[in-house]
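A.B. asks: quick one, fold the following:
(chains A and B)
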Amino acid sequence: MPAILRKPSGPIKQKLLSRVAPTGVERSFAETDIIVSKTDAKGVMTYANRVFLDMVGLSEREVIGAPHSILRHPDMPRAVFALMWERLNAGREIFAYVVNLAANGDHYWVHAHVTPTFGANGQILGFHSNRRVPDRAAVQKIEPIYRTLKGIEDGDASRAEGLARSCAHLKSILAQAGMTYDQFVFSLAS
Amino acid sequence: MTNSSSLSQAKALAWLSAGLTTAGALFSILSGEWLCAGLFAGAGIAAILTVVRLGHCHSTIKAIRAVLAAAASGDLEPRLVLIGEGGEIGALTDDLNRALDLVDAFVREATATLACVRDGEFHRRIVRRGLGGTFARGAQTMNEAVAVIHDRLNSFSQMIGAFERTVGAISGVLSREVDVLDGAAKAMKSAVADTRHRSGAITHQAGQTSASVATVSSASEELTASASEIAAQTRRALDVSRSAQSQSALAGEAMTTLAASIDEIGAMVDLIASISGQTRTLALNANIEAVRAGEHGRGFGVVATEVKMLAAQTAEATEKIRTQIADIQAKSDRGLNSIEEMGRTTSEVVEIATAISASTEQQTLATQEIARTMQSVTDATVAVSSDAAAVTDVANDSGRTADNVAKMSASLAEEVGRLNGSVADFLLMAREVATGRTTQAA
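C.D. replies: Numbering: from 1, shown residues only, chains lettered A, B, ... in the order given. Here you go, the predicted structure:
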């Protein structure tokens, strides 16, 4: 467990960030840097490295204890997160291209690698995410796919129905490519 | 003092400073030096705050120790969070977190990548972006290792495929060959049975032929003997006939000579008749003369009468001889005719005997030819019998060989089956090795 010297002053209200309107300004970080964050098993932030804090534009105090989803950009399709949680809860790692939201409404693309953290007897204690500067070509390939998925999700009155259809569409894209999700994600960068 | 850290010493000194300033403050109050008392109090508060800050610093160092101890024991999860330090200590905690993040990232990447390799998936590579120095080199090496393993397994899989195809082809060919061999063995056995049957029939027939040939041989020998007998008899008949021929020729000649002699006798008789006629004429003339001569002539007349009588008797005898000669001539003519007839008959006999002799000769030759032919037939039959026996032997050998071939083909089929089983097992194991996955046993 992260060594915490002091109790955090409490998570910032999620609504504060979700109220932020995207500015459309893209931020970037150095290729030599990795954005690192850790959450507990429920997805509550327990650690964020300096690069993370700099990119989001929040203090450690504001971030620790907040749900990880505070970073969620409205352009991200829910199907990707559904797949991510399905994989993580199954104890598997996942790679994904994700666009995140900064506190001021700017956004930044990352190539995220999320892995479960296991306890001594194999139980999932939490999750760890390393985010790297993404390959530009990969982002250009994934953006239209995300737009399509997002469109499917928003086009349905029922959230659950929209998510199911979006997930089905993602699976059909993979089937058409004849690849697993992992092969597909790795193929984007090459 | 040597066992304590500079922080503890600083804390002790801060406490000392606080004590001294407190004492100074009290002394100043008692002395009525209020300004001094105030300054001492301020210094004392600063000293106490120093102790508090030093305590915070101490807590931070303890936290760092705890995180490092966890990392040293293999727990890369703890980080320094909400330390509330800036400056050098803040930079220290950030650097420490950063170092742990990189080690953590490297370990997670390496573990996940190698877990994929373990599970037979090779698309996963360590993401090198963000990793520097030794991490980058280590990641590079591991990625190269994964690629090499993948390539080798691919080659191995291809080899397995090639091996399977080759062995499958060989096994297929072998199976077909075994079938062919088995079929050939069966055909051979049936052919052997047929051959045995037929060679038995040949031997039987050769025996029968042999008996027939023996019969013919003995018949032809008898025929030869009887032909020889006929030839001998014919030769004798011919000899006798030729002898008869020459005898009859001689008889003919004798009869001709006899006829000539008779003719000469006839001529002599004519001469005698003529002489007796002349004699009778002379006797008449003498008689006449005698008469004339009277008495003197009477004796003479008597003689002349006697001569006349003798001439008459001679004429009479001559006439009888002529009759006899004619009779003899007729008889000798008949004899000559008979002899000539006999000569012709004898010639015919000779001709016939000669023809018989020639026929007998031909018959003998033919019989000898038959005997020779029979001998060759016998020889051939013996050869056929011996060949048939040899064929039977060979057929028996072939039968044993066919049995062996059948046994061999059966054991070969068994071996091929075993080979297929082994190859299948091998391929299963090799594929498991190649893919890293355990195939569920059917």
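
A.B. asks: near chain B, which residues of chain A show up?
C.D. replies: Those residues of chain A that sit near chain B, judged by C-beta under 8 Å from any C-beta of the partner chain, are A:1-6, A:8, A:31-34, A:36, A:38, A:46-47, A:49-50, A:60-61, A:64, A:93, A:95, A:111, A:113, A:115, A:117, A:125-126, A:128, A:130, A:132-133, A:180, A:182-183, A:186. Every residue, glycine included, has its C-beta placed from N, CA and C.

A.B. asks: among the residues you listed, the buried ones, what's the ChimeraX command?
C.D. replies: Remark: buried members of the residues of chain A next to chain B, expressed as a ChimeraX selection using 16 or more other C-beta atoms under 10 Å in any protein chain shown:
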select /A:2,3,4,5,8,33,34,36,38,46,47,49,50,60,61,64,93,95,111,113,115,117,125,126,128,130,132,133,182,186
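
A.B. asks: so what's the residue count around residue 89?
C.D. replies: You didn't say which chain, so I picked chain A. The local packing of A:N89 (other C-beta atoms under 10 Å in any protein chain shown) involves 12 other residues.

A.B. asks: that's the wrong chain, I meant chain B
C.D. replies: B:I89 has 17 neighbouring residues, counting by other C-beta under 10 Å.

A.B. asks: so what's it closest to, chain neighbours aside?
C.D. replies: Counting by C-beta to C-beta, 6 or more residues apart in numbering or on different chains, B:I89 lies nearest to B:T60, which is 6.0 Å off, once chain neighbours are set aside.

A.B. asks: ok, B:D182 next?
C.D. replies: In this structure, B:D182 finds its nearest non-sequential neighbour in B:S409, 4.3 Å apart by C-beta to C-beta, 6+ apart.

A.B. asks: what's the offset of the helix or strand where that neighbour lies from the middle of its chain?
C.D. replies: For B:S409, the host element (DSSP states H and E) is helix B:294-435. Taking the mean of its C-alpha atoms, helix B:294-435 sits 51 Å from the chain's own mean (C-alpha atoms, centre = their mean, to the nearest Å).

A.B. asks: and for stretch B:54-65?
C.D. replies: Relative to the mean C-alpha coordinate of its chain, stretch B:54-65 is positioned 98 Å out (C-alpha atoms, centre = their mean).

A.B. asks: and if you look at stretch A:100-107?
C.D. replies: Centroid separation for stretch A:100-107 versus its chain: 13 Å, with C-alpha atoms, centre = their mean.

A.B. asks: how about that stretch, which residues are buried there?
C.D. replies: Those buried within stretch A:100-107 under the rule 16+ other C-beta under 10 Å are A:N100, A:L101, A:A102, A:A103, A:G105, A:D106, A:H107.

A.B. asks: so what's the residue in chain A that chain B sits nearest to up against?
C.D. replies: Ranked by C-beta to the nearest C-beta, the top residue of chain A for proximity to chain B is A:I34, at 3.9 Å. A:I34 sits next to A:N49, A:V51, A:N130, A:R131, A:R132, B:D101, B:L102, B:A105, B:G130 when contact means C-beta atoms under 8 Å, 6 or more residues apart in numbering or on different chains.

A.B. asks: for A:A112, see how far away the first one is.
C.D. replies: Right, the one you point to is A:N49. With the distance defined as C-beta to C-beta, to the nearest Å, A:N49 ends up 14 Å from A:A112.

A.B. asks: next one: the last one
C.D. replies: With the distance defined as C-beta to C-beta, B:G130 ends up 12 Å from A:A112.

A.B. asks: kindly report the same for the fifth one.
C.D. replies: Distance of A:R132 to A:A112, given as C-beta to C-beta: 8 Å.

A.B. asks: also the third one?
C.D. replies: Computed as C-beta to C-beta, the A:N130 to A:A112 distance reads 7 Å.

A.B. asks: hmm, who's touching the helix or strand A:L163 falls within?
C.D. replies: Per DSSP H and E, A:L163 falls inside helix A:159-177. The contact list for helix A:159-177 (C-beta under 8 Å, 6+ apart) reads A:77-80, A:82-83, A:145, A:148-150, A:152-156, A:180-181, A:184, A:187.

A.B. asks: and the residue lying closest to B:L68 once chain neighbours are set aside, what is it in contact with?
C.D. replies: Excluding the flanking residues, the one nearest B:L68 by C-beta to C-beta, 6+ apart is B:L96, at 7.7 Å. Applying C-beta under 8 Å, 6+ apart, one finds that B:L96 lies in contact with B:I64, B:V67, B:L68, B:L80.
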